[in-house]
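In: what's the 3D shape of this:
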Amino acid sequence: MLPFPTGYLQMKSEDNQAVLDDYSDVVLYERGQLNPDQHQSTPHNCAATYTLTNVVPEIQKFNIRPWHQYEERIRIRLNSFCCGITYIVTGVTMRGNMISHNNQDHSMVIPENMWSAYCCTDYDRNAPHDVHVHFPSHTALAKNAKEGNSVNEMSVQELENFLKTNLDVDQNLQIFYDNCISPSPLPLYLQHTI
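Out: Numbers count the residues shown, from 1 in each chain. All right, here's what the predicted structure looks like:
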């Protein structure tokens, strides 16, 4: 891997993305991963989650308690009951709070909310009911705050409605293609009978 160039190019990148200095001397926030390391299967993939393009400023108490616990719960759920490929999409909502570094014009926006959604169409259909209701897709939403930050699990449609109501997004927003509909377990010639 080549080192990041210094000089003019480096100064321009700092105008558009986070740099390590943005997190120095910041007590309230820490680097919260969008794609968590515990969801990776190899050491190389795990290490790749620590890049600055994969992190957002998260309140420490939020990141190490409710959000980390949710990520671990999802890892266990998917490892135990997803039999195929899982697609995970994670995002944030912004409200304009910023971290400025050294009183410069460059600053980072602090997420107001964190959300995450997964889709796994090939899952264990014999899973216990309290697990089965979370397939083929499910989401979570939580405030990036010291208090009132419990993680609320919900359907994909509920999260999409929240995003459409609270963000300037297309009203036809779909987090997953075809709403993560499971393929029918029946052969094609019998699918019309359902």
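
In: Which of the three states applies to the residue lying closest to Y29 once chain neighbours are set aside?
Out: Sequence neighbours aside, P57 is the residue nearest to Y29 in space, at 4.0 Å (criterion: Cβ to Cβ, 6 or more residues apart in numbering). For every residue, glycine as well, the C-beta is placed using N, CA and C. Applying DSSP: H, G, I helix; E, B strand; the rest coil to P57 yields a three-state assignment of strand.

In: okay, now P57: neighbour count?
Out: 23 (other Cβ atoms under 10 Å).

In: Check L173 too.
Out: Other residues close to L173 by other Cβ under 10 Å number 12.

In: so it touches F162, yeah?
Out: No - the criterion here is Cβ atoms under 8 Å, and L173 misses it with F162 at 10.6 Å.

In: Spell out, range by range, the helices that occur in this protein.
Out: Taking DSSP state H, the helices of the chain run over residues 8-16, 43-48, 60-62, 68-81, 129-132, 156-166.

In: my guess is the residue nearest to Y29 meets M108, correct?
Out: Yes - with contacts counted by Cβ under 8 Å, P57 reaches M108, the gap being 5.8 Å.

In: centroid residue for this structure?
Out: T90 (2.1 Å; Cα atoms, centre = their mean).

In: and of the helices of the chain, who's closest to N35?
Out: helix 43-48 (8.5 Å; Cβ to Cβ).

In: which residues are contacting that closest one?
Out: The contact list for helix 43-48 (Cβ atoms under 8 Å, 6 or more residues apart in numbering) reads 37, 40, 54.

In: now with 7 Å?
Out: 37, 40 (Cβ atoms under 7 Å, 6 or more residues apart in numbering).

In: the bottom helix or strand of the chain by mean pLDDT?
Out: helix 8-16 (a mean of 57; mean pLDDT, DSSP states H and E).

In: circling back to that earlier point, need the residues touching each of P57 and M108.
Out: If you check P57 and M108 against Cβ under 7 Å, 6+ apart, the residues they both contact are I99.

In: and Q69, how many residues sit next to it?
Out: 11.

In: Check N172 too.
Out: 7.

In: Now do it against D124, distance only.
Out: Using Cβ to Cβ, to the nearest Å, we find N172 at a distance of 32 Å from D124.

In: now H132
Out: 8 Å.

In: for E158, same thing?
Out: Taking Cβ to Cβ, one finds E158 at 24 Å from D124.

In: coming back round to it: so who does the residue nearest to Y29 touch?
Out: P57 touches 29, 32, 99, 108, 110, counting by Cβ under 7 Å, 6+ apart.
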